[in-house]
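Q: Okay, predicted coordinates and the sequence, questions at the end:
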Amino acid sequence: MRTIYFENPNTFPEIDRFMYETASTYGLPLETIRADYKSGLEALLKEKPTKAIFLGTRNGDPNAVGQQEFSPSSPCWPSFMRVNPILGWSYSDVWSFLLTFKVLYCILYDQGYTSIGSIHNTVPNKLLRDGSGGYRPAYTLSDGNLERAGRAKKAGRKDSSVNGSNSNEPRQRSKL
């Protein structure tokens with residue numbers, strides 16, 4: 001299985017470290033692309049034609065509007081089939097799966113982050129403050145509808161995506 005990571009200078013170092021360590025732990029051949037998501041994807045698909053890409057998109061994600069388990073990419077984007085196996089999962093479903101099956105996850109989630117974008121638009125979720133100046137882990141958030149409470153919203157928009165686009169394209173964190 002090809003595993004692709006779009007490395008970005010605005011990504012938390014913990015995310016980069018997690019991606020490389022996880023690929024190594026699971027023996028995945030990780031392809032790193034150092035370009036913006038759209039042009040990197042265009043170059044990747046031109047070099048190595050790919051029919052489908054598995055993503056971690058869920059209903060409620062800013063880029064999930066109108067998507068189904070199998071959805072073609074949006075107009076003006078390279079052509080591929082988006083495969084969304086966890087589209088119907090809730091925030092608590094994701095955490096139940098990760099914790100039950102002991103799946104690795106980024107350490108930032110243990111530091112109060114519940115939705116991770118760039119270093120410029122993400123802080124720990126204030127709803128997870130523990131009273132001693134720290135934060136509880138993301139899986140303790142009781143209302144999954146508030147998972148993006150630590151993400152800055154762009155002016156004039158109800159939701160913001162990681163890459164600053166309001167297209168229906170997958171976000172960076174969906175690659176592995």
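A: Nice, I can see it. Computed from a prediction, not measured in an experiment: that's the story for all the values here.
Q: Do me a favour and get the end-to-end distance for stretch 70-90?
A: 18 Å (C-alpha to C-alpha, to the nearest Å).
Q: and that stretch, average pLDDT?
A: Mean pLDDT, stretch 70-90: 95.
Q: Can you give me the buried ones in that stretch?
A: Within stretch 70-90, the residues that count as buried by 16 or more other C-beta atoms under 10 Å are 71, 73, 77-78, 80, 82, 84, 86-87, 89. In this view, the C-beta of every residue, glycine as well, is placed from N, C-alpha and C.
Q: wait, which of those residues is closest to residue 51?
A: residue 80 (6.5 Å; C-beta to C-beta).
Q: Check the contact between that closest one and residue 51; I expect there is one.
A: Yes. Counting by C-beta atoms under 8 Å, residue 51 is a contact partner of residue 80 at 6.5 Å.
Q: which neighbours do those two share?
A: Contact with both residue 80 and residue 51 is made by no residue, according to C-beta atoms under 8 Å, 6 or more residues apart in numbering.
Q: all helices for this protein, in order.
A: Using DSSP state H, the helices found in the chain span residues 13-26, 37-47, 91-100.
Q: Using TSV, lay out the ones you listed together with mean neighbour count.
A: TSV is the format used below for these (neighbours: other C-beta atoms under 10 Å):
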stretch	mean neighbour count
helix 13-26	15
helix 37-47	15
helix 91-100	15
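Q: Out of those, which is closest to residue 119?
A: So among these, helix 13-26 is nearest, using C-beta to C-beta, at 8.7 Å.
Q: what does the closest one rub up against?
A: Residues contacting helix 13-26 (C-beta under 8 Å, 6+ apart): 3, 5, 7, 28-30, 104-108, 116, 173, 175-176.
Q: How about stretch 137-155?
A: 60, 90-92, 95, 98-99, 109-115, 117, 120-128, 159-160, 164.
Q: now these: which count as buried?
A: Here, 16+ other C-beta under 10 Å leaves 60, 91, 95, 109, 112-115, 117, 121-122, 124-125, 127-128, 160 buried among those.
Q: what does the domain assignment say about this structure?
A: 51-89, 91-146 (the TED database).
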